[in-house]
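>>> Compute the structure for the input listed below.
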Amino acid sequence: MMSIRHKGISMQKTVMAVVLAWAIVPAWSQAPSPQPAHKSVQAHAAASGKSDSKVQGKTHLSQAPHPTVHKAQAKASTQAVKATMAPLRKPVLPAALAAMPISKSHLSIDELAIAEHVHKGHLPCELGATVRVEADADQPGYFDVRGKGFHYHMHPVSTSTGAIRLEDKRAGAVWLQLANKSMLMDQVKGRRIADECAHPEQMAFAQDMKNNPPPKLFDTTGMGR
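Numbering: from 1, shown residues only. A predicted model of the protein is given here:
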């Protein structure tokens, strides 16, 4: 009797164990399987990285200058460089040369030196005529020689005798200045327009020649005897 009762209790325990096993297995199979911690962290980082790159890309595109703006800035920079370099391309002259008037005809150094010795002003001549000699302010070395019925624009010409000579080649007029007098000649018509014209310095020289005549080249005393 004792063995039969003991076997019945063991059978009951076995049935209870099987029932509990069948109840636990479905619940365990439906539960979510846990993932490793490091895999979830990597997935989150990858997702956040993609979103950040998208935001940065949009920000970069929004901040990038429009092609039209870029061309305008490049054009402005080029114009600024040209404006800066423009003054350097132009020749720079000293102030003295820049202020000097430009002459229509370039005179030589010798001719400009002759111009420094030309008598200027109002010169009385014979027979009541007068000649006025004035330097041309716009053309260094040139002179305006005028009087009643004439006006010439003259420049100095070198001579072998040392006399001061001014010419107006277009009109064919010549102004000849000697130590004691000056004269104006019309070479076209072959006549003198004014003669015995004298500046105060020439008058003083002529008077000195009268008071102190130069020695004669030939002694004519006793000739013809």
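>>> Tell me which helix or strand in the chain has the weakest average pLDDT.
helix 95-99 (a mean of 46; mean pLDDT, DSSP states H and E).
>>> Name the residues of the next helix or strand after it that are buried.
Next along the chain after helix 95-99, taking DSSP states H and E as the criterion, comes helix 109-115. The neighbour-count check on helix 109-115 (16 or more other C-beta atoms under 10 Å) flags 114-115 as buried. Where you see a C-beta, it was placed from the backbone N, CA and C, and this is true even at glycine.
>>> Beyond helix 109-115, next helix or strand please.
As assigned by DSSP H and E, the chain's next helix or strand after helix 109-115 is strand 121-124.
>>> May I see the buried residues of that following strand?
Under 16+ other C-beta under 10 Å, the buried positions of strand 121-124 are residue 123.
>>> who does that strand touch, helix- and strand-wise?
strand 130-135 (3 or more C-beta pairs under 8 Å, 6 or more residues apart in numbering; DSSP states H and E).
>>> Okay, buried residues for the strand it packs on please.
Going by neighbour count (16+ other C-beta under 10 Å), the buried part of strand 130-135 is 131, 133.
>>> Just checking: what are the partner strands of that strand?
Applying DSSP bridges, strand 130-135 is found paired with strand 121-124 (antiparallel), strand 143-147 (antiparallel).
>>> Restricting to C-alpha, output it in PDB.
Extracted in PDB, the C-alpha atoms of strand 130-135 (Å, rounded to 0.1, in the frame of the first residue of the first chain):
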ATOM      1  CA  THR A 130      58.000 152.900 -82.400                       C
ATOM      2  CA  VAL A 131      58.400 149.200 -81.800                       C
ATOM      3  CA  ARG A 132      57.300 147.300 -78.800                       C
ATOM      4  CA  VAL A 133      59.000 143.900 -78.000                       C
ATOM      5  CA  GLU A 134      57.300 141.600 -75.500                       C
ATOM      6  CA  ALA A 135      58.100 138.100 -74.400                       C
END
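>>> what's that strand in contact with?
By C-beta atoms under 8 Å, 6 or more residues apart in numbering, the residues outside strand 130-135 that reach it are 115, 118-125, 142-148, 175, 182, 184, 194, 197.
>>> average model confidence for that strand?
The average pLDDT for strand 130-135 rounds to 97.
>>> Check the contact between residue 129 and residue 146; I expect there is one.
No. In this structure, residue 129 is not within contact of residue 146 by C-beta atoms under 8 Å, at 11.9 Å.
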